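Asker: Just a sequence and a predicted model for now, questions to come.
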There are 2 protein chains.
Amino acid sequence: MKKLAFALLLSSSVAAAQQLDFPAGYREWIHLTSGMDMSYNPTLMRMGHHMFDNVYVEPWAYHAFLETGTWPEKTRLVLEGREGKTEGSINKAGLYQSGKPMAVEVHMKDANLPGGWGFFAYGGDTDPAPLLPQDTDCYACHKKDGAVDTTFVQFYPTLLPIARAKGTLKN
Amino acid sequence: MKKLAFALLLSSSVAAAQQLDFPAGYREWIHLTSGMDMSYNPTLMRMGHHMFDNVYVEPWAYHAFLETGTWPEKTRLVLEGREGKTEGSINKAGLYQSGKPMAVEVHMKDANLPGGWGFFAYGGDTDPAPLLPQDTDCYACHKKDGAVDTTFVQFYPTLLPIARAKGTLKN
(Lines give C-alpha, C1' and ligand atoms only; values in the text may rest on other atoms or scores of the structure.)
Protein backbone atom coordinates (compact mmCIF):
# COMPACT_ATOMS: atom_id res chain seq x y z
CA MET A 1 0.00 0.00 0.00
CA LYS A 2 2.81 2.37 0.95
CA LYS A 3 4.58 1.37 -2.22
CA LEU A 4 1.51 2.15 -4.34
CA ALA A 5 1.07 5.58 -2.71
CA PHE A 6 4.69 6.38 -3.40
CA ALA A 7 4.35 5.28 -7.00
CA LEU A 8 1.26 7.48 -7.44
CA LEU A 9 3.00 10.45 -5.85
CA LEU A 10 5.97 9.96 -8.13
CA SER A 11 3.82 9.64 -11.23
CA SER A 12 1.79 12.71 -10.28
CA SER A 13 4.88 14.75 -9.63
CA VAL A 14 6.41 13.68 -12.94
CA ALA A 15 3.22 14.42 -14.87
CA ALA A 16 2.71 18.00 -13.62
CA ALA A 17 4.26 20.39 -16.13
CA GLN A 18 7.07 22.40 -14.56
CA GLN A 19 7.82 24.00 -17.88
CA LEU A 20 5.94 24.18 -21.14
CA ASP A 21 6.90 24.42 -24.78
CA PHE A 22 5.96 27.56 -26.67
CA PRO A 23 2.41 27.17 -28.11
CA ALA A 24 3.55 26.97 -31.74
CA GLY A 25 0.85 27.83 -34.24
CA TYR A 26 -1.53 29.40 -31.70
CA ARG A 27 -2.53 32.06 -34.26
CA GLU A 28 -4.33 29.23 -36.08
CA TRP A 29 -6.31 28.29 -32.95
CA ILE A 30 -9.81 29.59 -32.18
CA HIS A 31 -9.98 33.32 -31.36
CA LEU A 32 -12.07 33.91 -28.22
CA THR A 33 -11.81 37.68 -27.89
CA SER A 34 -9.61 40.75 -28.04
CA GLY A 35 -9.61 43.42 -25.37
CA MET A 36 -7.87 46.80 -25.23
CA ASP A 37 -6.00 48.20 -22.19
CA MET A 38 -8.16 46.06 -19.89
CA SER A 39 -7.50 46.44 -16.20
CA TYR A 40 -9.18 45.83 -12.88
CA ASN A 41 -7.43 48.95 -11.63
CA PRO A 42 -9.05 52.14 -13.01
CA THR A 43 -5.97 54.23 -12.19
CA LEU A 44 -3.37 51.84 -13.54
CA MET A 45 -0.58 53.70 -15.33
CA ARG A 46 -0.13 52.56 -18.88
CA MET A 47 3.45 52.09 -20.05
CA GLY A 48 3.27 54.85 -22.68
CA HIS A 49 1.42 52.70 -25.21
CA HIS A 50 -1.89 50.95 -25.81
CA MET A 51 -2.11 47.17 -25.59
CA PHE A 52 -4.50 44.75 -27.21
CA ASP A 53 -4.85 41.32 -25.65
CA ASN A 54 -5.90 38.53 -28.02
CA VAL A 55 -7.12 35.24 -26.54
CA TYR A 56 -6.90 31.91 -28.39
CA VAL A 57 -7.75 28.32 -27.44
CA GLU A 58 -7.00 25.00 -29.12
CA PRO A 59 -9.83 23.89 -31.45
CA TRP A 60 -10.36 20.52 -29.71
CA ALA A 61 -10.79 22.23 -26.32
CA TYR A 62 -13.12 24.85 -27.85
CA HIS A 63 -15.35 22.13 -29.28
CA ALA A 64 -15.40 20.35 -25.93
CA PHE A 65 -16.51 23.64 -24.31
CA LEU A 66 -19.35 23.99 -26.82
CA GLU A 67 -20.57 20.55 -25.72
CA THR A 68 -20.06 20.81 -21.96
CA GLY A 69 -19.71 24.49 -20.99
CA THR A 70 -16.32 23.86 -19.41
CA TRP A 71 -12.72 22.98 -20.28
CA PRO A 72 -11.25 19.49 -20.64
CA GLU A 73 -7.98 18.42 -19.02
CA LYS A 74 -4.87 19.82 -20.82
CA THR A 75 -6.76 22.75 -22.35
CA ARG A 76 -4.33 25.52 -23.32
CA LEU A 77 -5.48 29.15 -23.59
CA VAL A 78 -3.08 31.74 -25.00
CA LEU A 79 -3.06 35.44 -24.12
CA GLU A 80 -1.14 37.48 -26.67
CA GLY A 81 -0.34 41.17 -26.19
CA ARG A 82 0.11 43.41 -29.25
CA GLU A 83 0.70 47.13 -29.34
CA GLY A 84 -2.22 49.34 -30.42
CA LYS A 85 -1.36 52.24 -32.70
CA THR A 86 -3.45 55.08 -34.09
CA GLU A 87 -1.53 56.78 -36.88
CA GLY A 88 -0.61 54.45 -39.71
CA SER A 89 -1.60 54.03 -43.35
CA ILE A 90 -5.06 55.58 -43.70
CA ASN A 91 -6.00 55.14 -40.04
CA LYS A 92 -6.47 58.41 -38.12
CA ALA A 93 -8.57 57.44 -35.10
CA GLY A 94 -9.04 54.43 -32.87
CA LEU A 95 -6.40 51.72 -32.66
CA TYR A 96 -5.05 48.92 -34.84
CA GLN A 97 -2.67 46.11 -33.94
CA SER A 98 0.90 46.38 -35.03
CA GLY A 99 4.27 44.65 -34.82
CA LYS A 100 5.38 41.50 -33.06
CA PRO A 101 3.72 40.15 -29.91
CA MET A 102 4.79 42.04 -26.77
CA ALA A 103 3.86 39.10 -24.53
CA VAL A 104 2.60 35.53 -24.87
CA GLU A 105 1.21 33.61 -21.89
CA VAL A 106 -0.35 30.16 -21.58
CA HIS A 107 -2.98 29.07 -19.05
CA MET A 108 -3.08 25.26 -19.02
CA LYS A 109 -5.46 22.92 -17.20
CA ASP A 110 -3.43 20.26 -15.40
CA ALA A 111 -4.99 18.17 -12.62
CA ASN A 112 -1.53 17.49 -11.23
CA LEU A 113 -1.02 21.15 -10.29
CA PRO A 114 -2.43 22.83 -7.14
CA GLY A 115 -5.71 24.49 -8.20
CA GLY A 116 -5.76 22.43 -11.38
CA TRP A 117 -4.26 25.08 -13.69
CA GLY A 118 -0.81 26.49 -14.42
CA PHE A 119 0.45 29.76 -15.95
CA PHE A 120 3.49 30.01 -18.20
CA ALA A 121 4.85 33.38 -19.41
CA TYR A 122 6.98 33.56 -22.55
CA GLY A 123 9.31 36.45 -23.18
CA GLY A 124 10.04 37.73 -26.65
CA ASP A 125 11.21 34.34 -27.89
CA THR A 126 9.83 30.85 -28.37
CA ASP A 127 11.87 29.02 -25.73
CA PRO A 128 10.00 26.81 -23.24
CA ALA A 129 8.76 28.78 -20.21
CA PRO A 130 8.82 27.72 -16.54
CA LEU A 131 5.62 27.30 -14.51
CA LEU A 132 4.86 30.58 -12.70
CA PRO A 133 4.89 30.18 -8.89
CA GLN A 134 1.53 29.74 -7.18
CA ASP A 135 1.85 33.10 -5.41
CA THR A 136 1.85 34.99 -8.73
CA ASP A 137 -1.16 37.36 -8.91
CA CYS A 138 -2.75 35.60 -11.89
CA TYR A 139 -3.63 32.48 -9.87
CA ALA A 140 -5.57 34.31 -7.13
CA CYS A 141 -7.38 36.63 -9.55
CA HIS A 142 -8.40 33.88 -11.97
CA LYS A 143 -9.58 31.72 -9.07
CA LYS A 144 -11.60 34.51 -7.46
CA ASP A 145 -13.13 36.12 -10.55
CA GLY A 146 -12.96 33.67 -13.46
CA ALA A 147 -16.56 32.88 -14.45
CA VAL A 148 -15.89 29.25 -15.47
CA ASP A 149 -13.24 27.06 -13.84
CA THR A 150 -10.81 29.97 -13.24
CA THR A 151 -11.15 31.34 -16.81
CA PHE A 152 -12.64 34.71 -17.80
CA VAL A 153 -15.52 33.40 -19.87
CA GLN A 154 -17.48 36.54 -18.89
CA PHE A 155 -15.29 38.34 -21.45
CA TYR A 156 -15.62 35.72 -24.26
CA PRO A 157 -18.80 36.72 -26.11
CA THR A 158 -19.28 33.46 -28.03
CA LEU A 159 -18.76 31.23 -24.95
CA LEU A 160 -20.68 33.16 -22.29
CA PRO A 161 -24.12 32.08 -23.66
CA ILE A 162 -22.89 28.46 -23.81
CA ALA A 163 -21.79 28.51 -20.16
CA ARG A 164 -25.09 30.14 -19.21
CA ALA A 165 -27.07 27.45 -21.06
CA LYS A 166 -25.01 24.60 -19.59
CA GLY A 167 -25.18 26.02 -16.06
CA THR A 168 -21.40 26.14 -15.62
CA LEU A 169 -21.07 29.82 -14.62
CA LYS A 170 -19.76 30.39 -11.11
CA ASN A 171 -22.49 31.47 -8.62
CA MET B 1 -17.66 31.70 -82.34
CA LYS B 2 -20.56 33.98 -81.47
CA LYS B 3 -22.25 31.07 -79.78
CA LEU B 4 -19.16 30.38 -77.69
CA ALA B 5 -18.86 34.03 -76.63
CA PHE B 6 -22.50 34.05 -75.59
CA ALA B 7 -22.03 30.85 -73.63
CA LEU B 8 -19.01 32.31 -71.84
CA LEU B 9 -20.86 35.54 -71.06
CA LEU B 10 -23.78 33.55 -69.71
CA SER B 11 -21.57 31.34 -67.60
CA SER B 12 -19.65 34.35 -66.28
CA SER B 13 -22.84 36.20 -65.42
CA VAL B 14 -24.26 33.14 -63.69
CA ALA B 15 -21.03 32.53 -61.74
CA ALA B 16 -20.69 36.05 -60.28
CA ALA B 17 -22.27 36.05 -56.85
CA GLN B 18 -25.19 38.48 -56.65
CA GLN B 19 -25.94 37.33 -53.14
CA LEU B 20 -24.01 35.29 -50.64
CA ASP B 21 -24.93 32.93 -47.84
CA PHE B 22 -24.06 33.95 -44.28
CA PRO B 23 -20.50 32.81 -43.48
CA ALA B 24 -21.57 30.13 -41.00
CA GLY B 25 -18.86 29.13 -38.53
CA TYR B 26 -16.57 32.09 -39.27
CA ARG B 27 -15.62 32.32 -35.59
CA GLU B 28 -13.70 29.08 -36.16
CA TRP B 29 -11.74 30.61 -39.06
CA ILE B 30 -8.29 32.20 -38.69
CA HIS B 31 -8.26 35.48 -36.74
CA LEU B 32 -6.25 38.14 -38.59
CA THR B 33 -6.64 41.10 -36.24
CA SER B 34 -8.96 43.14 -34.05
CA GLY B 35 -9.08 46.92 -34.16
CA MET B 36 -10.94 49.41 -31.99
CA ASP B 37 -12.89 52.46 -33.26
CA MET B 38 -10.70 52.54 -36.38
CA SER B 39 -11.43 55.33 -38.81
CA TYR B 40 -9.81 57.21 -41.63
CA ASN B 41 -11.67 60.28 -40.44
CA PRO B 42 -10.15 61.71 -37.22
CA THR B 43 -13.30 63.70 -36.43
CA LEU B 44 -15.80 60.93 -37.12
CA MET B 45 -18.64 60.96 -34.59
CA ARG B 46 -18.96 57.68 -32.80
CA MET B 47 -22.49 56.40 -32.31
CA GLY B 48 -22.37 56.63 -28.51
CA HIS B 49 -20.43 53.40 -28.10
CA HIS B 50 -17.05 51.83 -28.80
CA MET B 51 -16.71 49.22 -31.54
CA PHE B 52 -14.20 46.45 -31.98
CA ASP B 53 -13.76 45.02 -35.47
CA ASN B 54 -12.57 41.42 -35.64
CA VAL B 55 -11.26 40.09 -38.96
CA TYR B 56 -11.33 36.38 -39.90
CA VAL B 57 -10.37 34.45 -43.03
CA GLU B 58 -10.98 30.87 -44.10
CA PRO B 59 -8.09 28.56 -43.14
CA TRP B 60 -7.47 27.32 -46.71
CA ALA B 61 -7.14 30.91 -47.98
CA TYR B 62 -4.88 31.85 -45.04
CA HIS B 63 -2.55 28.97 -45.83
CA ALA B 64 -2.49 29.98 -49.50
CA PHE B 65 -1.52 33.51 -48.42
CA LEU B 66 1.35 32.15 -46.31
CA GLU B 67 2.68 30.45 -49.45
CA THR B 68 2.09 33.20 -52.01
CA GLY B 69 1.59 36.53 -50.20
CA THR B 70 -1.79 37.02 -51.82
CA TRP B 71 -5.34 35.67 -51.84
CA PRO B 72 -6.68 32.83 -53.98
CA GLU B 73 -9.94 33.04 -55.93
CA LYS B 74 -13.06 32.71 -53.72
CA THR B 75 -11.26 33.87 -50.57
CA ARG B 76 -13.76 35.14 -48.00
CA LEU B 77 -12.74 37.63 -45.31
CA VAL B 78 -15.20 38.46 -42.54
CA LEU B 79 -15.36 41.75 -40.64
CA GLU B 80 -17.32 41.40 -37.40
CA GLY B 81 -18.25 44.38 -35.22
CA ARG B 82 -18.75 43.91 -31.47
CA GLU B 83 -19.46 46.54 -28.87
CA GLY B 84 -16.59 47.51 -26.53
CA LYS B 85 -17.53 48.01 -22.89
CA THR B 86 -15.53 49.22 -19.93
CA GLU B 87 -17.48 48.48 -16.74
CA GLY B 88 -18.28 44.81 -16.31
CA SER B 89 -17.21 42.06 -13.92
CA ILE B 90 -13.81 43.06 -12.54
CA ASN B 91 -12.91 45.27 -15.49
CA LYS B 92 -12.59 48.98 -14.66
CA ALA B 93 -10.48 50.41 -17.50
CA GLY B 94 -9.92 49.79 -21.19
CA LEU B 95 -12.47 47.85 -23.21
CA TYR B 96 -13.69 44.28 -23.55
CA GLN B 97 -15.99 42.75 -26.18
CA SER B 98 -19.56 42.07 -25.26
CA GLY B 99 -22.85 40.86 -26.65
CA LYS B 100 -23.89 39.72 -30.09
CA PRO B 101 -22.22 40.96 -33.29
CA MET B 102 -23.41 44.44 -34.30
CA ALA B 103 -22.40 43.88 -37.92
CA VAL B 104 -21.02 41.10 -40.10
CA GLU B 105 -19.60 41.79 -43.56
CA VAL B 106 -17.93 39.56 -46.14
CA HIS B 107 -15.31 40.59 -48.69
CA MET B 108 -15.06 37.84 -51.33
CA LYS B 109 -12.63 37.48 -54.20
CA ASP B 110 -14.60 36.71 -57.37
CA ALA B 111 -13.02 37.15 -60.80
CA ASN B 112 -16.50 37.46 -62.31
CA LEU B 113 -17.15 40.77 -60.51
CA PRO B 114 -15.84 44.18 -61.63
CA GLY B 115 -12.61 44.80 -59.69
CA GLY B 116 -12.43 41.12 -58.78
CA TRP B 117 -13.96 41.42 -55.31
CA GLY B 118 -17.45 41.82 -53.85
CA PHE B 119 -18.80 43.10 -50.51
CA PHE B 120 -21.82 41.63 -48.74
CA ALA B 121 -23.27 43.20 -45.58
CA TYR B 122 -25.37 41.10 -43.19
CA GLY B 123 -27.76 42.69 -40.77
CA GLY B 124 -28.47 41.21 -37.39
CA ASP B 125 -29.53 37.86 -38.82
CA THR B 126 -28.01 35.04 -40.86
CA ASP B 127 -30.04 35.45 -44.06
CA PRO B 128 -28.14 35.62 -47.37
CA ALA B 129 -27.02 39.18 -48.20
CA PRO B 130 -27.09 40.92 -51.59
CA LEU B 131 -23.92 42.12 -53.31
CA LEU B 132 -23.28 45.76 -52.39
CA PRO B 133 -23.37 48.09 -55.42
CA GLN B 134 -20.02 49.07 -56.94
CA ASP B 135 -20.48 52.72 -55.92
CA THR B 136 -20.50 51.82 -52.21
CA ASP B 137 -17.56 53.50 -50.41
CA CYS B 138 -15.87 50.25 -49.43
CA TYR B 139 -14.92 49.40 -53.04
CA ALA B 140 -13.07 52.66 -53.75
CA CYS B 141 -11.32 52.76 -50.38
CA HIS B 142 -10.17 49.13 -50.48
CA LYS B 143 -8.96 49.59 -54.05
CA LYS B 144 -7.07 52.79 -53.29
CA ASP B 145 -5.54 51.90 -49.92
CA GLY B 146 -5.59 48.13 -49.47
CA ALA B 147 -1.95 46.99 -49.25
CA VAL B 148 -2.47 43.63 -51.00
CA ASP B 149 -5.07 43.06 -53.71
CA THR B 150 -7.61 45.51 -52.20
CA THR B 151 -7.25 44.06 -48.66
CA PHE B 152 -5.88 45.90 -45.60
CA VAL B 153 -2.91 43.62 -44.97
CA GLN B 154 -1.06 46.63 -43.51
CA PHE B 155 -3.28 46.12 -40.42
CA TYR B 156 -2.81 42.30 -40.18
CA PRO B 157 0.35 41.87 -38.10
CA THR B 158 0.97 38.20 -38.93
CA LEU B 159 0.48 38.66 -42.71
CA LEU B 160 2.29 41.96 -43.29
CA PRO B 161 5.78 40.36 -42.99
CA ILE B 162 4.69 37.59 -45.39
CA ALA B 163 3.53 40.09 -48.01
CA ARG B 164 6.75 42.06 -47.55
CA ALA B 165 8.85 38.89 -48.02
CA LYS B 166 6.87 37.77 -51.06
CA GLY B 167 6.94 41.23 -52.65
CA THR B 168 3.15 41.48 -52.95
CA LEU B 169 2.68 44.84 -51.15
CA LYS B 170 1.28 47.59 -53.35
CA ASN B 171 3.94 50.17 -54.41
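Answerer: Perfect, thanks for sending it.
Asker: Make sure A:G35 is actually in contact with B:L95.
Answerer: Yes. With contact defined as Cβ atoms under 8 Å, A:G35 and B:L95 form a contacting pair (6.3 Å). Any C-beta I mention is one placed from the backbone N, CA and C, and that applies to glycine too.
Asker: Low-confidence ranges, chain A, go.
Answerer: A:1-16, A:40-47 (pLDDT under 70).
Asker: Next, the angle from the top strand by length along it to strand B:93-109.
Answerer: Determined from DSSP state E, the single longest strand within chain A is strand A:93-109. Here strand A:93-109 runs at 100 degrees with respect to strand B:93-109, directions being taken by axes from the mean of the first three to the mean of the last three Cα atoms, to 10 degrees.
Asker: what does the helix or strand following strand A:93-109 contact?
Answerer: Per DSSP states H and E, the first helix or strand lying C-terminal to strand A:93-109 is strand A:117-122. Strand A:117-122 has contacts (Cβ atoms under 8 Å, 6 or more residues apart in numbering or on different chains) with A:16-17, A:19-20, A:22, A:103-110, A:129-132, A:136, A:138-139, A:142, A:149-150.
Asker: which of those residues are buried?
Answerer: The neighbour-count test (16 or more other Cβ atoms under 10 Å in any protein chain shown) marks A:17, A:20, A:22, A:104-110, A:129, A:131-132, A:139, A:142, A:149-150 as buried among the contacts of strand A:117-122.
Asker: The nearest residue to A:K166 once chain neighbours are set aside and chain B, how far apart?
Answerer: Using Cβ to Cβ, 6 or more residues apart in numbering or on different chains and skipping residues adjacent in sequence, the residue nearest A:K166 is A:G69, 2.7 Å away. Remark: distance between A:G69 and chain B (Cβ to the nearest Cβ, to the nearest Å) = 17 Å.
Asker: How about the backbone phi and psi for A:G69?
Answerer: When quoted as degrees, to the nearest 10, the phi and psi of A:G69 stand at phi 80, psi 10.
Asker: Spit out the contact partners of it.
Answerer: A:V148, A:I162, A:A163, A:A165, A:K166, A:G167, A:T168.
Asker: Stretch A:125-136 near chain B at all?
Answerer: No. Stretch A:125-136 stays clear of chain B (Cβ under 8 Å from any Cβ of the partner chain), getting no nearer than 14.3 Å.
Asker: Can you give the contact residues for that stretch?
Answerer: A:17-22, A:24, A:106, A:113-115, A:118-123, A:138-139.
Asker: try it again with 10 Å
Answerer: A:16-24, A:104-108, A:110, A:113-115, A:118-123, A:138-140 (Cβ atoms under 10 Å, 6 or more residues apart in numbering or on different chains).
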